[in-house]
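[1] attaching a predicted model along with its sequence, questions to come.
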Amino acid sequence: GIWSTEGSILIQYLLVTRVYKHIPYFQKDENKLPKTYTNWKLALKDWLWCNGLTYFSLGWLTVFIERGISREDWDALATRRFSLFPFLAKLLLMRIVVDV
C-alpha cells in the first residue's frame, strides 16, 4: 500500500542524497535539479497535492463502494477458500500486463 510505496521512495532518496552522495554517479548538479529535490517543504507540498489527494480520493471511493456490498456478499468473500495456484496464475497475468 501507501506505506511501502512512499517508504521505498523515501529510502531511495535518502540513499542517493546521504549514503551514496560521495560516488560520482550519484552527484548531481543542483542547478539542474527540480526545486523539490533540495527543498523538503516544497516536495511535501507537491506530494500532498498529487499523491496525497489521489490516495485520499481513492480511499473515499473505496469506502463508498464497500458500503454498497450486501452482508451476504461480505460473508461469501470472507468464507471463500484460498487456492494458491489460481491466485499465482492471476498474479502472473497481472504482472505481465502491468510490467510489460
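    Good, I have the coordinates.
[2] burial count for E6?
    By other CB atoms under 10 Å, the residues close to E6 number 14. (Glycine included, C-beta is placed from N, CA and C.)
[3] give me the three-state assignment for the spatially closest residue to it that is not a sequence neighbour.
    Setting aside the residues directly before and after it, E6 is nearest to N51 in space (CB to CB, 6 or more residues apart in numbering), at 7.2 Å. Judged by DSSP: H, G, I helix; E, B strand; the rest coil, the three-state class of N51 is helix.
[4] need the pLDDT of N51.
    Confidence at N51, expressed as pLDDT, is 81.
[5] ok, it touching I9?
    No. If you go by CB atoms under 8 Å, N51 and I9 don't touch, sitting 9.5 Å apart.
[6] ok, now how distant is C50 from Y13?
    The gap separating C50 from Y13 is 16 Å, by CB to CB, to the nearest Å.
[7] quick one, which of these two is more surrounded?
    Y13 (13 against 10).
[8] where does pLDDT dip in this protein?
    The model of the chain has pLDDT under 70 over residues 1-2, 25-30, 32-37.
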